[in-house]
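**Student:** sequence plus the predicted model coming up.
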Amino acid sequence: MKLIKPTKAKDISRSWHLIDMKGKILGRTATQISQLLMGKAKFYYTPNLDCGDYVVVINASSLILTGNKSHQKIYMRYSGYPAGLTKKVFADVINTDPIRPVKNAVSGMLPKNKLRALMLKRLYIFADKNHPYKEKLKI
C-alpha cells in the first residue's frame, strides 16, 4: 500500500490570476474568485492550510447584477452606537466605492475561520483596468 504524503506549507505553489469584471455578474464571478483564493482546484488542497493563489480583479466599477438587485440590494454598517445603522443601496455604493461590493461578496464566500484574512490579503481589486501587477501576470 502506497502512503500519501500530507501537504505542508513549503509544498504550496502560488500563481497569479487576472479576472476582468467588465459586464460580468457579481455573484457568479465571486464564486470563481473565492475558489481561486482557497485553492480548491489544486490536487493538494487541504482545508487547514492556505493553498490559494493571487487574484487581481480589474474593472470592478463596471460589474452588473441581475434583475432589480441594483436598486434592492442594501449594504449595512453599524457603528455600535444608538442610531448608528447606515444603509446604502448597491447603485450608490458602486459609484462611491466600487471595490466594496466585490470584496464583500468574496469575503462572504470564504470559510469563516482564521484563514479568511490571509486569503483576502491575496485579493487585489481595482476599479479600472490599470494595475501594478502586469509583470507578475505575464499576459
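**Tutor:** It's in.

**Student:** what pLDDT, on average, does the top helix by length along the chain get?
**Tutor:** When the chain is scanned for its longest helix (criterion: DSSP state H), the result is helix 26-38. What helix 26-38 shows for mean pLDDT is 97.

**Student:** who touches whichever helix or strand comes after that helix?
**Tutor:** Using DSSP states H and E, the helix or strand that follows helix 26-38 in sequence is strand 54-58. Residues outside strand 54-58 that contact it (CB atoms under 8 Å, 6 or more residues apart in numbering) are 14-22, 33, 36-37, 102, 122-126, 128-131, 133, 136-137. Yep, even glycine has a C-beta here, placed from its N, CA and C like the rest.

**Student:** just those residues: which are in helices?
**Tutor:** Short answer: those in helices (DSSP H) are 33, 36-37, 102, 136-137.

**Student:** quick one on the thing from earlier: ChimeraX command for the buried members of the contacts of strand 54-58?
**Tutor:** Command for ChimeraX that selects the buried part of these, burial taken from 16 or more other CB atoms under 10 Å:
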select :16,18,19,21,33,36,37,102,122,123,124,125,126
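
**Student:** separation between the residue lying closest to Leu115 once chain neighbours are set aside and Met38?
**Tutor:** Distances taken as CB to CB, 6 or more residues apart in numbering place Asp50 nearest to Leu115, at 5.1 Å, with adjacent residues excluded. As for Asp50, its distance to Met38 is 8 Å (criterion: CB to CB, to the nearest Å).
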